[in-house]
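[1] How does the following fold in three dimensions:
(chains A and B)
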Amino acid sequence: MSRQVLQGTLDLMVLRTLEAMGPQHGFGLAKRILQVSEGMLDLNQGTLYPALLRLQQRGWIKSRLAVSDNNRKAKYYELTSRGRRQIAREAANWERAVSLMDRFLRNLATSEE
Amino acid sequence: MWGRLLSLVRRRRLNAELADELDFHLERLEAEYRAQGLSPIDARRAARLDMGGITRVTEAYRDQLGIPTLEGGWRSLRFGMRSLRRTRGVTAAVAATLAVGIGANAAVFALVNGVLLKPLPYSDPDSLVAVNHGMTGTTDELPSAPYLYFTYREENRTFSGIGLWAIRPGNITGLDRPEQVQALYVTSEILPILGVQPMLGRQFSPQDDAPDGAPTVLLTYAYWQRKFGGNASVVGRTLVLDGQSQEVIGVMPRGFRFLDNQVDLIATFQLDRTQVTLGRYVFPSLGRLKPGVTLADAGADINRMVPLALARFPPPPGYTRDRFAARPVTPRLMPLKQTVVGNIAGMLWVLMGALGLLLLIACANVANLLLVRADGRQQELAIRAALGASRTRIAGELLVESTLLGLAGGALGLVLAHQVLYAVRALGPANLPRLDDITLDPLGLLFTLALSLAAGVLLGLVPVLRYANPQVSEVLRSGGRTMTQTRERHRGRAALLITQVAMALVLLVSSGLMVRTFQALSRVDPGFVRPEEVQMVRIAVPFGKVPEPERATRMQHAILARLEAVPGAVSAAFADIAPLDPGNSGSDTVLFVEGRTYAPGQARPLRRFEFISPGVFHTLGVPLVTGRDLTWSDLYDRRLVAVVSEQLARDEWQSPAGAIGRRVRASPDDPWREIVGVVGNVRDNGMHRDPPPTVYFPALMDRFWSAATLSFRSATFLIRSRRAGTEGLLRDMHSAVWAVNGNLPLAEIRTLDQAYQRSLARTSFALVMLTIAGGMGLLLGAIGVYGVTAYVAAQRTAEIGIRLALGAQRGQVRRQFLREGMRPTAAGVAIGLAAAAALTRLMSSLLFGVNRLDPLTYVLVTFVLLAVATLAAYVPAWRASRNDPIEALREG
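    Now for the predicted structure:
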């Protein structure tokens, strides 16, 4: 996948995961994304943490320090209201793109028949 | 974008937090692997592998954190500075060279800006004009006259205001000690026309200017501070000016200057319109044009009003109206700034051109140095290119370096310019007007910045164009020494050297011509002898205390007697004007010669009138050609006599002897006066101009210019003494004068030599500047020649080694490299001579007594340049020939 597309989809995945899981730290997010993608997405930590910073810079998530379940201090991320709106917008864009592509593929397939 | 900027601000904390996060992440991974049954060591290894390169993560994080282009730029800057520091010698040489070139130009720009470009410090200065007149038949300019002023004031359609002014010395008494001051006399419109308001008190009203009004004065700021300690209660006090009580009504703001003149106080003419007659062209005039009016319109308006003026006022006693109507005045209007600036403009533009040339020479030198520097880095650049540095990257870095150099040179140049301007203001060359306006203002700083950046960028392009994309493999293989490259580089360098030498030659020729001009001017016989022994001082006998003309003259005579008695004094005399005073030509007027008639429409020439005591010629050292000097009995007995200068005698009667016994007069209703003596010429208008034909009248006369008795109260006293210019003589002179009258201040104290030097000042200033420029051009050219020869020698060290090993003579090697260096020099000289021949036309207004193609100058300058260049080329040539062949071969 091209870098730009990957960035965009990763952002949406992170936002959606936070929406579903609630506040989570970086390790937890990585594990969860790996789980959901059933290993198809080889998530490199080199892309996750910069993505988290990017989402913070855009104001879609915010972070705070809290104590984790194993009694260690960790940085927890959670959605902001702007982030929630962004999910809805991005999801709509994504569905539109998918259905458009689908139309092309289906059409071409039928015309070839 | 905000988010990015914010995180930039908190970057350190964010980076630290990332480190913590990654630690946390690693720990959790480890824990998971351990839970899966791996040993702690294995668990750790697995976790690490899983994480991927931590550095990569951190780098990616950092990239997201910062703003890339900004960081890239900052990095380039740091890199450039480090690189410059490494080659300290070249950097210093380049910065110094640029400092000289840019600094000199910044200084001249400040000069040009302050003198020529800056508007006068009055409101809306472009609509201010000087109102002068001409008369049909003469080319000389006349100031205005009261009859014209009153008419213009009443009838004009094109001026929103017009007025008269004059600057005269005046005596202030009634304060601590008597003092002579510079007084500006104005009509009440003048200050409102300029738009200047007093900062204390009030403006002149028309009533202040009325003949029956109480006399009032305005003080200038400096005078107020000096005499009244800045005390605001000065308004309302009275001063006694020339024996008349004046009320102080206000103080002018600080820094107010009237047309570049420093005055102490301002008074009104209080002209009486009922006494005004035709004639009396003695007062300069200025006015403000109405919006949208051009000089041509105003000129036409004046032409319309002159006949009205001629009809409105009576002729002076003894004259008829027709005489004036036969020669009506014509308008000569010019922007007011022009009268202040004078004819200095030509010289300043020449200077700017010369120093611009110098900057180009400096840049050529710097370009050469930068090429040498880039040469040294050829391999480094090639390697970087091979490792993937883009061409733009390398070019960018080279440009950054040269821009830094340009800015450094500019900063140093500013310091240099500041010093130069300080020196110029301190020396105060006489003919340089508006000295106070010459500063490095924001415009000058902007100019310097622009020049520095332009120099930096343009110079940076030189190595960039040559080296930004080296043929990588070739360079690496050959070690940067292939034949074609050497020849190319050498051609480029030689071309730069040729231009340098050519420009240096042009500069040297122009300074050489100025030296000859100065020599020629210095050799001109001024007409007087040993001016350093003549002390001059202006003394004015006040009208109030000594109203009778003859008593005034007797007082002056008494002063002379006392002055001659001062130890060391050889002789003393007085005259109404001082020799070589710049204002002398303003009062030239017509002389009527018995038996000489003029056809209608033909104009009488204007002559210099001087009013003297006996002994002036003896004191000045002006030779008596024939006849005799005036005597005191000529004055007291009111004899009708006069003396003329040799030039006047030849003009009118073809020979000095032919003048004796002839008769002249100053106006048709005066009695004829007989010429009793002819004296040598005095170059009163400056050494570069012909001596004015002069007529000398006694300082005490009856029936002259229709006045009953005429004396000259304000006169320049001349004393010849070896002690001229010393404090001791000054003290003795003060005692002598005050023994006669304790209330007489001594003013304008200077020696005749000082006046003489001032008359040469315009030339000497240009001379000094151009010589400095020429000298620097020569120095820079020599450095260039040295550089080229040294470079060529260094490049061919191996070849030299081989030749010496094979038995070549050291002398041969030396001569060969000398030729290498001199060949471009010779070409440069040839081009420079041609260029000089063409360009010196631009400075012909500055030259005197020397042809702009003067062979002696050209030959001498060529010789000097070639000699210096030969020397500069010889040093590296000699060093090359001293090479140890073994060393050379090893190096190659």
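[2] and the residue in the stretch 501-650 of chain B that chain A sits nearest to, how far is that from residue B:573?
    Nearest residue of the stretch 501-650 of chain B to chain A: residue B:503, at 55.7 Å (C-beta to the nearest C-beta). Using the backbone N, CA and C atoms, a C-beta is placed for each residue, glycine as well. Distance of residue B:503 to residue B:573, given as C-beta to C-beta, to the nearest Å: 53 Å.
[3] tell me which parts of chain A are close to chain B?
    With C-beta under 8 Å from any C-beta of the partner chain as the criterion, chain A comes near chain B at residues A:25-27, A:30, A:44-47, A:49-50, A:53-54, A:56-59, A:68, A:70, A:72-75.
[4] One more pass at 10 Å, please.
    A:25-28, A:30-31, A:42-60, A:63, A:65, A:68, A:70, A:72-75 (C-beta under 10 Å from any C-beta of the partner chain).
[5] Now list the buried members of those residues.
    Judged by neighbour count, with 16 or more other C-beta atoms under 10 Å in any protein chain shown as the criterion, the buried members of the residues of chain A next to chain B are A:25-28, A:30-31, A:43, A:45-58, A:60, A:63, A:74-75.
[6] Please, which helix or strand holds the residue of the stretch 501-650 of chain B closest to chain A?
    Element membership of residue B:503 [criterion: DSSP states H and E] is helix B:483-523.
[7] Let's see the helix or strand following that helix as PDB, backbone CA atoms only.
    In the C-terminal direction, the helix or strand that comes right after helix B:483-523 (DSSP H and E) is strand B:534-540. Coordinates of each C-alpha in strand B:534-540 appear next as PDB, following Å, rounded to 0.1, in the frame of the first residue of the first chain:
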ATOM      1  CA  VAL B 534      47.600  87.100   6.400                       C
ATOM      2  CA  GLN B 535      45.200  87.100   9.300                       C
ATOM      3  CA  MET B 536      41.600  88.100   8.500                       C
ATOM      4  CA  VAL B 537      38.900  89.200  10.900                       C
ATOM      5  CA  ARG B 538      35.500  90.800  10.400                       C
ATOM      6  CA  ILE B 539      34.700  93.800  12.500                       C
ATOM      7  CA  ALA B 540      31.500  95.800  12.200                       C
END
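[8] Quickly run through the sheet partners of the helix or strand where residue B:678 lies, with directions.
    Here residue B:678 is covered by strand B:673-679, with elements defined by DSSP H and E. Strand B:673-679 has the following sheet partners, assigned by DSSP bridges: strand B:624-627 (antiparallel), strand B:641-645 (parallel), strand B:663-665 (antiparallel).
[9] can you put these in CSV and add mean neighbour count and distance to residue B:820?
    As requested, those are arranged in CSV below (neighbours: other C-beta atoms under 10 Å in any protein chain shown; distance: least, C-beta to C-beta, whole Å):
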stretch, mean neighbour count, distance to residue B:820
strand B:624-627, 17, 65
strand B:641-645, 26, 63
strand B:663-665, 19, 74
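[10] Tell me which stretches of chain A form helices.
    Taking DSSP state H as the criterion, chain A contains helices spanning A:3-21, A:26-36, A:45-57, A:81-112.
[11] Deepest-packed of the ones you listed, please.
    Mean neighbour counts were taken over those using mean count of other C-beta atoms under 10 Å in any protein chain shown, and the top value, a mean of 21, falls to helix A:45-57.
[12] Any idea which helix or strand in chain A has the lowest mean pLDDT?
    helix A:3-21 (a mean of 78; mean pLDDT, DSSP states H and E).
[13] For it, name the packing helices and strands.
    Contact here means 3 or more C-beta pairs under 10 Å, 6 or more residues apart in numbering or on different chains; DSSP states H and E; on that basis helix A:3-21 packs against strand A:24-25, helix A:26-36, helix A:45-57, strand A:61-67, strand A:73-79, helix A:81-112.
[14] Please work out which residues outside the fourth one touch it.
    Translated: strand A:61-67. For strand A:61-67, contacts defined as C-beta atoms under 10 Å, 6 or more residues apart in numbering or on different chains pick out A:11, A:14-15, A:18, A:23, A:25-26, A:52-56, A:73-80, A:82-83, A:86, B:14, B:17, B:20-21.
[15] Please repeat the previous calculation with a cut-off of 8 Å.
    Identification of contacts with strand A:61-67 by C-beta atoms under 8 Å, 6 or more residues apart in numbering or on different chains yields A:14-15, A:18, A:23, A:52, A:55-56, A:73-80, A:83.
[16] Point out the least confident one among these.
    For these, the model is least confident at residue A:73; its pLDDT is 84.
[17] Which strand residues bridge it?
    Beta-bridge pairing of residue A:73, defined through DSSP bridges, involves residue A:67.
[18] could you list every residue that touches it?
    Listed by C-beta under 8 Å, 6+ apart, the contact set of residue A:73 reads A:65, A:66, A:67, B:20.
[19] Quick check: the gap between it and residue B:131.
    Shown here: residue A:73 relative to residue B:131, a distance of 89 Å by C-beta to C-beta.
[20] same check, this time on residue B:188
    Using C-beta to C-beta, one obtains 17 Å as the distance from residue B:188 to residue B:131.
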